[in-house]
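Novice: With the sequence up front, the predicted model follows.
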Amino acid sequence: MATIKDQVSLRVGIANWLNRSDLTNDELDQFIEIAEARLYEDLRIPVLETTQAFTVTILNSSILIPSGFIELIELKKLKGGTCSSNPSVNTTRALCSAASGTWTDNDKDDDIILKRIDSRAFINNKVRNAYIRESNNFLLTDNEGEQKASGEYHIRFYRSGVSIGSYATATTAVTAFVVGKYYKIVSLGNTSQSNWNTAAGTSNVTYAVGSIFKASATTTGTGTAYQETIPWILETEFETILYAACTVGSTFVGDVEMEQKFNQLTVSKISALNDKERRADLKGGIYTHHFSSISI
C-alpha cells in the first residue's frame, strides 16, 4: 500500500484495510469526518494547543469562545502592555492590531490566572478574578468580584485541527506548484488547457475552476489554485486517523468483529499519544492542587 499522506491516499488506505471496493468517496469522507471528531475529543497533546488574545470591555465582561474550541487549559488576564504604533492612543491589543502595530506585554509576572467556579458561586458571591462558561461565552469577574472585567485576556485551549480534505485560502501560482501535492483550481487565467494537463500529468482533460488534480509539474501562465492542507494528524500520525476511520467504516458495513479490532487499535494509539505527553509533563514538574472551598 502506498504511503498515506493526503486525502486521496487515506481513502485508498481505508478501503484496502476494510477490504472493500464498493465504498464511494462520499462514504469514505464521512468515515474520516466522524473519526476526526472522535480523535479531537480524546487527544490532549501539545500540537492541539493554541493561544488567543481578547480585548474585554466592561459592557459585556465576557469572551466569545473561539471556533474549534474543545477544552480550556488556562484563562489569564494581562496586567498591561504597550503598542509600537502611537501607544498613547492604541491602549489595547485590538486597537494596536487595527493600527498595524505590535503589542508588547509590560510584565508577565503580574498576570492573573482566573479560576473557574460554579454558576451559583459566580452569581451569589463576589469571587475575584473568576469565570464561568455560559452558552458560547466565558463570563468574567474583575479584581473586586464584579462582572465588570475589562482589559487584555489570553486563553490557552485545546482545539480541533484542520479537517482532512481542506484547502489553503491563499492561492498558489501554476509556476510554483509542488509536485505530488493536490490543488483545486481558483482561476484559469491565461494558462492553456494543454498547460493545465502538463501540470496534472494528464492529456485531453478539460480543467475548470474547482477542478482538483495532483501536480506532476509546474507550468506557465497566470492560473492559480488552492493547495490541499495536510493537518498534523495525517502528516505525522496517519495511522491514528486510519484506525479511527476503519472503526467507523466497520460499523457502517456491519462487521462487528473488525469494528472491535479497529477500535482497540484506535484506543491504544490515543492512549500512547496522551501518555507520552503526560510523561513529558511529569519530568521535573512541580504540582499544586487548587480547591474552590476549604478542604478538611
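Specialist: Now that the structure is in, tell me what you want to look at. Small disclaimer: the values here were computed from a predicted structure and weren't measured.
Novice: Surely I132 and K115 touch.
Specialist: No - with contact defined as CB atoms under 8 Å, I132 does not reach K115; the gap is 10.4 Å. Bear in mind the C-beta positions are built from the backbone N, C-alpha and C, glycine included.
Novice: For those two, indicate the residue with more neighbours.
Specialist: Shown here are I132 and K115; by other CB atoms under 10 Å, I132 has more neighbours (19 against 14).
Novice: what's near enough to touch the more buried one?
Specialist: Taking CB atoms under 8 Å, 6 or more residues apart in numbering, we find I132 in contact with R116, I117, D118, S119, F122, F138, L139.
Novice: and those residues, which are buried?
Specialist: For the contacts of I132, a burial check counting by 16 or more other CB atoms under 10 Å picks out I117, F122, F138, L139.
Novice: can those residues go into JSON lines with extra columns for pLDDT, secondary structure and distance to S166?
Specialist: Below are those laid out as JSON lines (pLDDT from 0 to 100; DSSP: H, G, I helix; E, B strand; the rest coil; distance: CB to CB, whole Å):
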{"residue": "I117", "pLDDT": "92", "secondary structure": "coil", "distance to S166": "37"}
{"residue": "F122", "pLDDT": "88", "secondary structure": "helix", "distance to S166": "38"}
{"residue": "F138", "pLDDT": "96", "secondary structure": "strand", "distance to S166": "27"}
{"residue": "L139", "pLDDT": "95", "secondary structure": "strand", "distance to S166": "32"}
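Novice: part of a strand, is V8?
Specialist: No - under DSSP: H, G, I helix; E, B strand; the rest coil, V8 sits outside any strand and is assigned helix.
Novice: Spatially, which residue comes closest to it, not counting chain neighbours?
Specialist: Using CB to CB, 6 or more residues apart in numbering and skipping the chain neighbours, the partner closest in space to V8 is Y182 (6.8 Å).
Novice: show me the contacts for that neighbour.
Specialist: By CB under 8 Å, 6+ apart, the residues touching Y182 are D6, Q7, V8, I212, F213, K214, A215, Q227, E228.
Novice: So which of the residues you listed is the closest to G249?
Specialist: Looking at the contacts of Y182 and their distance to G249, the nearest is Q7, at 15.3 Å (CB to CB).
Novice: The closest one contacts T229, doesn't it?
Specialist: No - contact criterion CB under 8 Å: Q7 and T229 do not qualify, at 9.8 Å.
Novice: So those two - more neighbours on which side?
Specialist: The neighbour count for Q7 versus T229, taken as other CB under 10 Å, is higher for Q7 (23 against 19).
Novice: Dump the contacts of I132 to TSV, plus distance to S271.
Specialist: What follows is the contacts of I132, written out as TSV (distance: CB to CB, whole Å):
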residue	distance to S271
R116	27
I117	31
D118	31
S119	33
F122	35
F138	30
L139	35
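Novice: Thank you kindly, that will do.
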